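> Structure for the following, please:
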Amino acid sequence: MWFLTVLMVGYLLTPWVKRLYKILPIVCISVFVVLCTVEFVFIKKFYSFFAWIALYFAGMMYGRYYSKKTSSWVLVVSAVFLIILAVLFKPNWLTQTDYRYHTIWLHWVLGVFLFTLLYRTLPHLIKPEKNFAVVVHYDKISYEVYLTHHPLILGPLSMLFITRYSLINVILMLIAVYILSRFLHYISSFVQKLL
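Take a look at the predicted model:
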């Protein structure tokens with residue numbers, strides 16, 4: 001459940017950071033450098049809250065300056081890095097759970113590569129037409145679904161064991177995720193209008 005804190009901090013920061021778009025490069029680069037320094041020099045844990053928030057600011061920069069040219073460059077560079085890291089650290093490189101530098105970079109670079117690849121290819125596969133209305137509807141709350149689903153699967157709020165029947169539990173959990181996601185989407189839209 002640790003990552004929910006990071007997600008919620010990112011979620012709450014986004015409207016405020018977007019207001020700084022004119023000076024976004026200076027803000028993002030400064031915060032990224034400070035957080036990475038705290039992470040790798042002082043904490044020396046290599047995988048703490050500070051690293052994830054640093055990546056959040058890197059993602060904000062990428063989103064701000066996204067273009068087809070930028071994404072092509074990112075795809076090529078991340079693919080080259082993945083190949084180099086995979087060759088250097090072959091054994092079980094996708095499943096490693098230790099926190100050595102190469103494992104962290106593999107994790108981060110793989111995430112960047114997959115995100116960029118999917119972001120470029122999915123719009124061509126799924127068109128926002130009437131026959132894809134359900135996909136478009138859920139796409140609007142996909143981030144909220146991501147935020148709300150995990151507590152209802154694991155932890156004290158899990159709905160997977162509220163009855164003796166797994167199928168009923170899953171259906172109830174999916175309904176609850178949908179309702180919570182719509183509610184969170186409404187609240188965040190309301191707060192964004194206030195800002």
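> Give me the below-cutoff pLDDT ranges for this structure.
Applying pLDDT under 70 to the chain flags residues 1-3, 21, 40, 43-48, 89-105, 123, 125-132.
> which residues of it fall in helices?
Along the chain, counting by DSSP state H, helices occupy 2-18, 24-37, 49-64, 68-88, 101-125, 133-140, 142-149, 166-194.
> Which other helices and strands does the third one contact?
Using 3 or more C-beta pairs under 8 Å, 6 or more residues apart in numbering; DSSP states H and E as the contact criterion, the neighbours of helix 49-64 among helices and strands are helix 2-18, helix 24-37. Placement of C-beta: from N, CA and C, glycine included.
> Pull up the gap between residue 152 and residue 160, please.
From residue 152 across to residue 160, the span is 8 Å (C-beta to C-beta, to the nearest Å).
> what do those two both touch?
residue 173 (C-beta atoms under 8 Å, 6 or more residues apart in numbering).
> Tell me which of those two has more neighbours.
More neighbours surround residue 152 than the other of residue 152 and residue 160, with 17 against 13 (other C-beta atoms under 10 Å).
> before we move on, back to that, tell me which of the helices and strands packed on helix 49-64 is the most buried.
Ranked by mean neighbour count, the helices and strands packed on helix 49-64 are led by helix 24-37 with a mean of 15 (mean count of other C-beta atoms under 10 Å).
> And the helices and strands packed on helix 49-64: which comes nearest residue 138?
helix 2-18 (18.2 Å; C-beta to C-beta).
> residues making contact with the closest one?
Contact partners of helix 2-18, identified using C-beta under 8 Å, 6+ apart, comprise 24, 27-28, 49, 52-53, 56-57, 60, 143, 146-147, 150-151, 188, 191-192, 195.
> how about a cut-off of 10 Å?
In this structure, residues lying in contact with helix 2-18 by C-beta atoms under 10 Å, 6 or more residues apart in numbering are 24, 27-28, 31, 48-53, 55-57, 59-60, 63-64, 143-144, 146-148, 150-151, 155, 184, 188, 191-195.
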